[in-house]
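[1] Quick one: sequence and predicted model below, then my questions.
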Amino acid sequence: MNESKVFFSVSQIKIMTAQHLLSEAGIISHKLDKMDSAHAGIFGDIELYVDKADEAAARKILIEAEIL
């Protein structure tokens, strides 16, 4: 899978919302949690990835939903 990062946030809720919107559109995504567990919310973020072929559609969905 050739992946592209389409979104990142420190908010678990924003990531979950983005994943839900993408899933409803048939776009498979996965998150990579880079948060420092000892300093949650201060260091690191959560990244959301989709297949490179779905990148433009995913960004469009997230922009329309005012997430990006």
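    All right, it came through fine. Numbers count the residues shown, from 1 in each chain.

[2] Please make it C-alpha for all contacts and neighbour counts, starting now.
    Noted.

[3] for the helix or strand hosting residue 57, what is the average pLDDT?
    For residue 57, the host element (DSSP states H and E) is helix 55-64. Averaged over helix 55-64, pLDDT sits at 98.

[4] repeat for stretch 11-18
    Stretch 11-18 comes out at a mean pLDDT of 95.

[5] what comes up buried for that stretch?
    Across stretch 11-18, burial judged by 16 or more other CA atoms under 10 Å covers 15, 18.

[6] Distance from that stretch to the middle of the chain?
    7 Å (CA atoms, centre = their mean, to the nearest Å).

[7] So which residue is dead centre in this protein?
    Of all residues in the chain, the one closest to the mean position by CA atoms, centre = their mean is residue 48, 2.7 Å from it.

[8] Could you report the neighbour count for the residue nearest to that residue when sequence neighbours are not counted?
    What sits nearest to residue 48 in space, not counting adjacent residues and going by CA to CA, 6 or more residues apart in numbering, is residue 31, at 4.5 Å. Close neighbours of residue 31, defined as other CA atoms under 10 Å, add up to 17.

[9] Packing partners of the helix or strand where residue 31 lies?
    Element membership of residue 31 [criterion: DSSP H and E] is strand 29-33. Judged by 3 or more CA pairs under 8 Å, 6 or more residues apart in numbering; DSSP states H and E, strand 29-33 is in contact with helix 12-24, strand 46-51.

[10] In JSON lines, list the ones you listed along with distance to residue 63.
    Formatted as JSON lines, those follow (distance: least, CA to CA, whole Å):
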{"stretch": "helix 12-24", "distance to residue 63": "10"}
{"stretch": "strand 46-51", "distance to residue 63": "14"}
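
[11] Would you mind telling me which of these is nearest residue 61?
    Checking the helices and strands packed on strand 29-33 against residue 61 by CA to CA gives helix 12-24 as the closest, at 7.2 Å.

[12] Show the contacting residues for the closest residue to residue 28 other than its chain neighbours.
    Distances taken as CA to CA, 6+ apart place residue 50 nearest to residue 28, at 6.3 Å, with adjacent residues excluded. Residue 50 is in contact with 3-6, 27-30, 58, counting by CA atoms under 8 Å, 6 or more residues apart in numbering.
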